[in-house]
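got a sequence here, can you build the structure:
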Amino acid sequence: MLRNSLRPSLTMLAVLLVFALSACVPRQLLVNGAAEALTAQSQAEEEDIGLAREASAFYLKLSESLLRQSPGHLALAESVASGFTQYAYAFVASDAERMMNTDAKAAHLLNERARRLYLRAHRHAMAALAKSNPGLMATLAKPSATELLLLKPDQVGVAYWAAASWGAYIALSKDDPDAVADLPLAVRLAEGVWRTSPNFGQGAAASLMGQFEASRPGGTMAKAAAYFDEAIAAGGGQNPGPYVAKAESIAQAAGDRPAFEALLQQALAVSAKRTDLSSQIMRQRAQWLLDTVDDLF
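Residues are numbered from 1 along each chain as shown. Predicted coordinates:
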């Protein structure tokens, strides 16, 4: 999931050299150049989860500081929002789940941290979107938003992470009526991404729609399952994420243990053929869910 570089120190050195050797160049050009370099660097996949976790904090802080200097940089905003969202999911919220039965207080504190990180990701993404699309929030407030919302190709990625982090934040804020009240807006934004680019992220857009459909008031499991099947097809059956999402959102909710285990076994089989970090994180989660299946059913 995390697309963080293992070589943040080299990136920082390059940035410092650029600043040192280009004093006559306008500051904003330097910031934009550094932002583009970091964005490109963030696309490098790391196979080792532990190394990615150790490198993430430095990379995220550096990227965030540059984004604040250049808030309209959509590619950097996408990188920052995705980084904070995935870090919160893979390394904070997941830890909270694992210790919920042994240390509820520590788990609660971790969930609060994950909630703040999701909100941080969401605010960065929405700020960049609002800068490039000033009427976005007004459009999302309308029930017909999905018909009115027009996303440009360079807005799709940051809009996806804005919606994904928003949904994750809301899921951990069920005791906050104001946060929960924003769920329809998050769903509309996600649907705008899906309508604009249904195959985005090898099925990530469709999978997000499935998760929203399964959890929102008035949503149906049949429609959610259709979204997940679309996501699996969009990834050519080789993306483990939709299998895990379908297992948790559909099979577990229906109390269907055989289907739950079958989907997770598919996720394990698919992820075993891939070395990218996203697949390894999904593999780790699928295995943990199988290991704790007796507690879930």
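
and this structure, what are its domain boundaries?
1-195, 198-297 (automatic domain parsing).

and stretch 225-235, which residues are buried?
By neighbour count with 16 or more other C-beta atoms under 10 Å, stretch 225-235 contains the buried residues 225, 227-228, 230-232, 234-235. (Glycine included, C-beta is placed from N, CA and C.)

would you list the domains of the chain in a markdown table and tack on mean pLDDT?
Compiled in a markdown table, the domains of the chain are given as follows (pLDDT from 0 to 100):
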| stretch | mean pLDDT |
| --- | --- |
| domain 1-195 | 81 |
| domain 198-297 | 95 |
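
now do the contacts for residue 203.
230-235, 239, 241-242 (C-beta atoms under 8 Å, 6 or more residues apart in numbering).

among the residues you listed, which are in helices?
230-234, 241-242 (DSSP state H).

about what we covered before: need the buried residues of stretch 225-235 in JSON lines (columns: distance to residue 122).
Shown next, in JSON lines, are those (distance: C-beta to C-beta, whole Å):
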{"residue": "225", "distance to residue 122": "27"}
{"residue": "227", "distance to residue 122": "21"}
{"residue": "228", "distance to residue 122": "23"}
{"residue": "230", "distance to residue 122": "25"}
{"residue": "231", "distance to residue 122": "22"}
{"residue": "232", "distance to residue 122": "27"}
{"residue": "234", "distance to residue 122": "24"}
{"residue": "235", "distance to residue 122": "25"}
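
which one of the residues you listed is nearest to residue 56?
Closest approach to residue 56 among these (C-beta to C-beta): residue 235, at 24.3 Å.

what about that closest one, distance to residue 52?
Distance, residue 235 to residue 52, using C-beta to C-beta, to the nearest Å: 21 Å.

residue 74 too?
Residue 74 is 24 Å from residue 52, by C-beta to C-beta.

so those two - more neighbours on which side?
residue 52 (25 against 20; other C-beta atoms under 10 Å).

let's verify residue 237: helix, strand, or coil?
coil (DSSP: H, G, I helix; E, B strand; the rest coil).

does it touch residue 270 like I think?
Yes - if you go by C-beta atoms under 8 Å, residue 237 and residue 270 touch, sitting 7.0 Å apart.

hey, what's in contact with both of those two?
Counting by C-beta under 8 Å, 6+ apart, nothing touches both residue 237 and residue 270.

show me which of those two is the more surrounded one.
Higher neighbour count among residue 237 and residue 270: residue 270, with 24 against 13, using other C-beta under 10 Å.

from residue 178, how far off is the more buried one?
39 Å.

what about residue 210, how many residues close to it?
Considering only other C-beta under 10 Å, residue 210 is surrounded by 29 other residues.

just residue 238 next, same as before
13.

residue contacts, it?
Here residue 238 is in contact with 202, 270, 273-274 (C-beta under 8 Å, 6+ apart).

and it, backbone torsions?
Dihedral pair for residue 238: phi -110, psi 10, per degrees, to the nearest 10.

can you name the residues that contact residue 295?
residue 101.

quick check on residue 199: phi, psi?
Per degrees, to the nearest 10, the backbone of residue 199 is at phi -100, psi 10.

now do the closest residue to it other than its chain neighbours against residue 92, distance only.
Leaving aside its chain neighbours, residue 199 sits nearest to residue 234 (4.5 Å; criterion: C-beta to C-beta, 6 or more residues apart in numbering). Separation of residue 234 from residue 92 (C-beta to C-beta): 28 Å.

out of the contacts of residue 238, which is most surrounded?
residue 270 (24 neighbours).

measure that residue to residue 281 for me?
From residue 270 to residue 281 the distance is 13 Å (C-beta to C-beta).

touching the helix or strand containing residue 185 from outside, list them.
Secondary structure assignment for residue 185, by DSSP states H and E: helix 183-196. Helix 183-196 is touched from outside by 140-141, 143, 145-146, 149-151, 156, 159-160, 162-164, 166-167, 170, 200, 205-206, 208-209, 212, 216, with contacts defined as C-beta under 8 Å, 6+ apart.

quick one: the helix or strand just after it to helix 183-196, angle?
Using DSSP H and E, the next helix or strand after helix 183-196 towards the C-terminus is helix 200-215. Inter-element angle recorded for helix 200-215 and helix 183-196: 150 degrees (by axes from the mean of the first three to the mean of the last three C-alpha atoms, to 10 degrees).
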